[in-house]
Each structure stands twice: as C-alpha cells, then as structure tokens.
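S.K.: what's the 3D shape of this:
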Amino acid sequence: MGKNNAALKMFDALNIGYKPPRATRTYISEIHLGQETVSQCLGSSMHVFLLNMPRLEFAALIPKGDYATLCLLGDEIDRELVTAFVASPEVTQCLPAGWVMPSDLCTARR
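M.R.: Numbering: from 1, shown residues only. The predicted model follows:
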C-alpha cells in the first residue's frame with residue numbers, strides 16, 4: 001500500500017504502538033516491445049530480480065500486452081542505477097537481443 005493510505009491512519013487511531021515502515025523509492029516505466037516480443041521474451045510471467053546491486057532492493061519486469069512494465073524499488077533510484085540494472089546479465093536475457101535502453105526511459109520516479 002502507499003505511504004498515504006487511509007489504512008495506515010486507522011492503525012494510528014488504535015493506539016497500539018504502530019510505527020509506519022520506512023518509505024522506499026520506486027521507479028516504474030513502460031517499455032514498448034510489441035506483443036509478440038513480450039510473449040517471446042517474458043511469456044506470461046512476472047520476472048522478479050533480487051540482485052546484489054547497491055541501492056536496489058527489488059526489481060521486476062512484468063509483461064503487459066505490447067509493453068513490459070519495469071519496476072524498481074530502492075534508495076536514490078537514478079539513471080545510473082536503472083542503466084546498471086537493465087545491463088545486468090539477468091535482465092538482458094529477458095529482453096530482445098540488441099535491445100538498447102531508450103533515452104527517455106528514466107521518467108517516472110516516485
């Protein structure tokens with residue numbers, strides 16, 4: 001759930017000592033690959049990555065029609081981290097051969 005979710009306010013009102021979790025940064029982007037390429041490269045399964053990369057806690061590639069949704073969670077997510085993630089061998093094997101990260105991929109940080 002999001003940091004500003006109404007359910008969190010309910011826990012505060014219960015006076016049970018609830019402490020909200022530390023916020024984590026997210027990065028979400030849509031990669032247009034075309035439905036056939038998405039199907040060939042990712043199939044119908046979400047691909048989860050728990051890589052040993054500084055500032056990255058969790059990442060996923062999720063097939064969605066003509067697109068693959070790229071989700072990263074971590075600290076100080078920037079273009080350098082996204083580029084390193086996409087260039088990792090674990091991720092490149094899930095993308096079409098020769099795929100190059102578009103310059104506008106890093107646009108949807110939260």
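
S.K.: closest to the centroid, which residue in the chain?
M.R.: residue 71 (1.1 Å; Cα atoms, centre = their mean).

S.K.: pull the residues that contact the strand or helix carrying residue 58.
M.R.: Secondary structure assignment for residue 58, by DSSP states H and E: strand 56-64. Identification of contacts with strand 56-64 by Cβ atoms under 8 Å, 6 or more residues apart in numbering yields 24, 30, 38-39, 42-51, 68-75, 77, 81, 85, 91, 94. The way it works is simple: take the backbone N, C-alpha and C, and place the C-beta from them, glycine included.

S.K.: try 7 Å this time
M.R.: By Cβ atoms under 7 Å, 6 or more residues apart in numbering, the list of residues contacting strand 56-64 from outside reads 24, 38, 42-44, 46-51, 68-74, 81, 85, 94.

S.K.: now, which of those lie within strands?
M.R.: Judged by DSSP state E, strands contain the following of these: 47-49, 68-74.

S.K.: which of these sit farthest apart?
M.R.: Pairwise distances across the ones in strands among the contacts of strand 56-64 peak at 18.9 Å for 68 and 74 (criterion: Cβ to Cβ).

S.K.: of those two, which one has the most company?
M.R.: Each of residue 68 and residue 74 has its neighbours counted (other Cβ atoms under 10 Å); residue 68 has more, 22 against 18.

S.K.: nearest residue to that one other than its sequence neighbours?
M.R.: Using Cβ to Cβ, 6 or more residues apart in numbering and skipping residues adjacent in sequence, the residue nearest residue 68 is residue 31, 4.6 Å away.
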